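1. quick one: sequence and predicted model below, then my questions.
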Amino acid sequence: MRYLVFLVAILMSSLVAAQNWEDRQVFGTSDMPPLRILSSTDTSFFAPIIEDFIATSPNTSVEYLVAGTVGLDQLFRARPDQFDIVISSAMDLQLKLANDGFSSAVVNVDHPEWAQWHNRLFAVTSEPAAIVLNRQAFNDLLVPSSRQDLIQLMRDHPKRFQGRVGTYDVRQSGLGYLFATQDARATETYWRLTEVMGRVGAKLYCCSGQMIDDLRSGDLVMAYNVLGSYAQAEAEASDDLMVILPSEFPTTMMRTTLVSVAAPDPQRAKSFVRHLLKLQAVGDPRIFPLPPLAGSQDYQTQRTIGLDPALMTYLDKMKREAFIREWEDAIVQVD
């Protein structure tokens with residue numbers, strides 16, 4: 001029996017090592033094993049944060065591993081002992097990890113109560129979902145400011161938008177599923193919008209980066225529920241894109257971090273989280289290039305998704321299956 005357990009452990013370690021990461025980078029040098037961070041956030045956003053941490057922590061190295069939100073959750077649940085820290089935009093999956101006992105408490109931190117969960121999960125950003133347009137494609141069209149405007153545009157110009165509208169595939173993307181369920185809870189317009197996107201043959205994506213690439217190339221003219229922080233960073237570097245927050249309300253998520261309950265190096269992991277929270281509070285964009293947490297008043301007005309048990313409602317197996325069936329009926333149009 002012990003031999004079998006040993007073989008399973010070796011096999012799982014090999015699977016983690018062989019994972020096809022979206023990105024993998026090692027920062028710093030050390031004679032100790034690196035701090036392992038499993039994240040859904042592009043490396044470019046976290047590189048200055050990691051480098052600042054290493055500058056204050058001699059003999060430290062960090063291995064930063066990037067995966068999609070759903071794969072990240074599955075991988076971490078299978079081997080929590082392989083990672084020190086988890087960072088993800090899928091708040092609901094993160095909260096369930098913490099609720100299921102996969103995170104370790106980090107105490108004595110100065111952080112808003114509404115932006116944490118029992119000292120075991122910490123929000124570090126406020127990031128709205130955005131409408132993103134290819135600017136050139138809208139030279140002769142009214143620029144939409146709301147979800148209803150999007151519906152009207154696609155109804156009035158179906159040929160213009162046919163096959164050139166993008167959104168998340170909620171079956172593959174944890175963040176896409178989070179945005180969709182929260183939209184559906186907040187407004188009935190979401191289902192009308194999803195149906196109209198289906199009628200024009202919306203393209204479905206796993207992640208914001210791919211939607212943004214296709215918007216810049218002109219393959220898409222419009223995308224809905226794109227992660228605003230990524231889109232804004234691209235828009236500031238190029239005139240090709242226009243980023244719009246829906247005027248009714250932007251659905252705003254908070255990127256969260258936790259320390260693994262089985263972290264190989266729990267003390268350094270907690271030191272990193274404390275450092276991350278301090279950088280977030282200062283909000284220097286040179287070191288913390290992500291949008292910092294909104295103030296408590298903005299938290300309410302921006303319809304920020306809260307870290308509370310209701311967030312896990314749509315993770316229930318039956319509710320998830322029912323939601324995805326309804327979404328498929330709306331978005332997948334059969335001639």
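-> That came in fine, so what should we check first?

2. so what's the residue nearest the centre of the chain up against?
-> The centre of the chain sits closest to Ser89, judged by C-alpha atoms, centre = their mean, with a distance of 2.6 Å. Shown in contact with Ser89 (C-beta atoms under 8 Å, 6 or more residues apart in numbering): Ser40, Thr41, Thr69, Glu127, Gly174, Leu175, Leu178, Leu227, Met253, Arg255. In short, each C-beta sits where N, CA and C put it, glycine included.

3. now do the residue lying closest to Gln148 once chain neighbours are set aside against Leu150, distance only.
-> Spatial nearest neighbour of Gln148, chain neighbours left out: Thr189 (6.2 Å); criterion: C-beta to C-beta, 6 or more residues apart in numbering. Using C-beta to C-beta, to the nearest Å, one obtains 9 Å as the distance from Thr189 to Leu150.

4. neighbour count for those two, which is higher?
-> Each of Thr189 and Leu150 has its neighbours counted (other C-beta atoms under 10 Å); Leu150 has more, 23 against 17.

5. show me the helices in the stretch 201-335 of the chain, by range?
-> Assigned by DSSP state H, counting those that start in this stretch, the helices in the stretch 201-335 of the chain fall at 208-217, 228-237, 266-282, 296-301, 317-331.

6. I'd like those as CSV, with distance to Asn108 appended.
-> Formatted as CSV, these follow (distance: least, C-beta to C-beta, whole Å):
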stretch, distance to Asn108
helix 208-217, 35
helix 228-237, 29
helix 266-282, 8
helix 296-301, 21
helix 317-331, 37
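
7. worst mean pLDDT among the ones you listed?
-> Here the lowest mean pLDDT among the helices of the stretch 201-335 of the chain goes to helix 296-301, at a mean of 51.

8. what sits closest to Glu195 if chain neighbours are left out?
-> Ala330 (4.5 Å).

9. run through the bridge partners of Cys222.
-> Not quite, residue 222 is Met, not Cys. Counting by DSSP bridges, Met222 is bridged to Leu133, Val165.

10. separation between it and Val196?
-> Distance from Met222 to Val196, counting by C-beta to C-beta: 12 Å.

11. list residues touching both of those two?
-> What both Met222 and Val196 touch, as defined by C-beta under 8 Å, 6+ apart, is the set Leu150.

12. who's more crowded, those two?
-> More crowded of Met222 and Val196, by other C-beta under 10 Å: Met222, with 29 against 21.

13. please report how far that one lies from Ala186.
-> Per C-beta to C-beta, Met222 is found 21 Å from Ala186.

14. equivalent analysis for Phe122, please.
-> Using C-beta to C-beta, we find Phe122 at a distance of 24 Å from Ala186.

15. those two: which is more packed in?
-> Set Phe122 next to Ala186 and count neighbours by other C-beta under 10 Å: Phe122 wins out with 29 against 14.

16. got phi/psi on the more buried one?
-> phi -130, psi 130 (degrees, to the nearest 10).

17. what's the answer for Ile87, then?
-> Per-residue torsions, Ile87: phi -130, psi 130 (degrees, to the nearest 10).

18. who's in contact with it?
-> For Ile87, the contact set (C-beta under 8 Å, 6+ apart) comprises Ile37, Leu38, Ser39, Ser40, Thr41, Phe46, Arg255, Thr256, Thr257.

19. just the strands in this protein please.
-> Using DSSP state E, the strands of the chain run over 23-27, 35-39, 62-66, 85-88, 103-104, 116-117, 121-123, 127-134, 165-168, 203-205, 222-227, 241-244, 252-253, 256-260.

20. would you reformat those strands as CSV and include mean pLDDT?
-> Listed next are those as CSV, based on pLDDT from 0 to 100:
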stretch, mean pLDDT
strand 23-27, 97
strand 35-39, 98
strand 62-66, 98
strand 85-88, 98
strand 103-104, 98
strand 116-117, 96
strand 121-123, 98
strand 127-134, 95
strand 165-168, 98
strand 203-205, 97
strand 222-227, 95
strand 241-244, 95
strand 252-253, 94
strand 256-260, 98
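
21. need these in JSON lines with distance to Asp308, can you?
-> Formatted as JSON lines, the strands of the chain follow (distance: least, C-beta to C-beta, whole Å):
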{"stretch": "strand 23-27", "distance to Asp308": "32"}
{"stretch": "strand 35-39", "distance to Asp308": "24"}
{"stretch": "strand 62-66", "distance to Asp308": "28"}
{"stretch": "strand 85-88", "distance to Asp308": "17"}
{"stretch": "strand 103-104", "distance to Asp308": "16"}
{"stretch": "strand 116-117", "distance to Asp308": "8"}
{"stretch": "strand 121-123", "distance to Asp308": "11"}
{"stretch": "strand 127-134", "distance to Asp308": "18"}
{"stretch": "strand 165-168", "distance to Asp308": "23"}
{"stretch": "strand 203-205", "distance to Asp308": "29"}
{"stretch": "strand 222-227", "distance to Asp308": "22"}
{"stretch": "strand 241-244", "distance to Asp308": "28"}
{"stretch": "strand 252-253", "distance to Asp308": "14"}
{"stretch": "strand 256-260", "distance to Asp308": "13"}
